[in-house]
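[1] sequence-free structure coming up:
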């Protein structure tokens, strides 16, 4: 009888433990969902609990702490954690123990400078600081390993949508982008560049000027051909967008003589050949328009007087001056 009573009491005790344990582990315990919890590097368990408290993540801190002991949660992993409102203490602790590892889709276009690229990057959550990447893009010694310079480094960022894990480092992010850049420059594209007499970087630099001149697909290859004609003849490019880039003023509507005096390697009115690097991050289609440029004899272009955004092209300087006068007359006729 004594053994039976003892056996019955032990069974009741076990049942209570099981029920209590199940309640602790599997009862929903998220109070505030969709609020990210950032656990920094070298954080302690106490800091994890503090972060959950401050963000009102858990309904019962006691249940969370009990679950942590039951599941032997003591090794803290850095990261950014998101919890669903249906999650229980078991799920919360398991996620914290494992370390959350999820992808971020990074999409960008219409970027001129590294600063603008960093601004777009700041709209996405990555564990690294954007200035860590910015420093790499300006580090001569680091870039030398990739045959890049601070002037050319931005060329590896080809506009598109990319997927990265959020806990990637700045160096890993750079290397991923460099890998995508290398994949874009297929053997076929490299051969086309070689046929023009350009390196891939020079093609990208010219494409950046072409895109600043006109984003219209039907004119890109014509403009590319015009600048290639000038380069082959040893003429100055005299591309207005390079002057705007040199002045760091992209709001200039008309480049005047006073602007042309800026001392900068990007001023193609004063320096022969291509500038030292791209003046924007050109689209893939613009790069391809340079590789497949239109063969013609044009050397001059001027915006059409109808303000359509299209251009008049010619190989005759006198005709170019006539086109320029018509455009200027149309500008002067605009209401003040």
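    Arrived safely. Note that this is a predicted model, so its numbers are computed, not measured.
[2] pretty sure residue 162 belongs to a strand, no?
    Yes: checked against DSSP: H, G, I helix; E, B strand; the rest coil, residue 162 lies within a strand.
[3] Would you mind confirming that it is in contact with residue 181?
    No: Residue 162 sits out of contact with residue 181 when judged by C-beta atoms under 8 Å, with a separation of 11.2 Å. From N, CA and C alone the C-beta is placed, and that goes for glycine too.
[4] Quick check: the residue lying closest to residue 68 once chain neighbours are set aside vs residue 140, distance?
    Setting aside the residues directly before and after it, residue 68 is nearest to residue 93 in space (C-beta to C-beta, 6 or more residues apart in numbering), at 5.6 Å. Relative to residue 140, residue 93 is positioned 46 Å away (C-beta to C-beta, to the nearest Å).
[5] do residue 125 as well
    Taking C-beta to C-beta as the measure, residue 125 and residue 140 are separated by 30 Å.
[6] ditto for residue 159
    From residue 159 across to residue 140, the span is 26 Å (C-beta to C-beta).
[7] So between the two, which is more surrounded?
    With neighbours defined as other C-beta atoms under 10 Å, residue 159 and residue 140 compare such that residue 159 has more, 16 against 9.
[8] Spatially nearest residue to that one, not counting backbone neighbours?
    The spatial neighbour of residue 159 that comes closest, neighbours along the chain excluded (C-beta to C-beta, 6+ apart), is residue 109 at 4.0 Å.
[9] ok, the residue nearest to residue 68 touching residue 69?
    No: here residue 93 lies out of contact with residue 69, judged by C-beta under 8 Å, at a distance of 9.7 Å.
[10] Compare the two and say which one has the larger neighbour count.
    For residue 93 and residue 69, the more surrounded residue by other C-beta under 10 Å is residue 93, and the numbers stand at 23 against 11.
[11] Helices along this protein, start to end?
    Ranges of helices in the chain, per DSSP state H, are 2-26, 45-54, 61-70, 89-98, 114-121, 130-136, 140-144, 170-184, 187-196, 200-213, 217-233, 240-247, 284-291, 317-332.
[12] so can I have a markdown table of those helices showing mean pLDDT?
    What follows is those, written out as a markdown table (pLDDT from 0 to 100):
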| stretch | mean pLDDT |
| --- | --- |
| helix 2-26 | 54 |
| helix 45-54 | 91 |
| helix 61-70 | 90 |
| helix 89-98 | 87 |
| helix 114-121 | 94 |
| helix 130-136 | 95 |
| helix 140-144 | 97 |
| helix 170-184 | 97 |
| helix 187-196 | 97 |
| helix 200-213 | 97 |
| helix 217-233 | 96 |
| helix 240-247 | 96 |
| helix 284-291 | 97 |
| helix 317-332 | 92 |
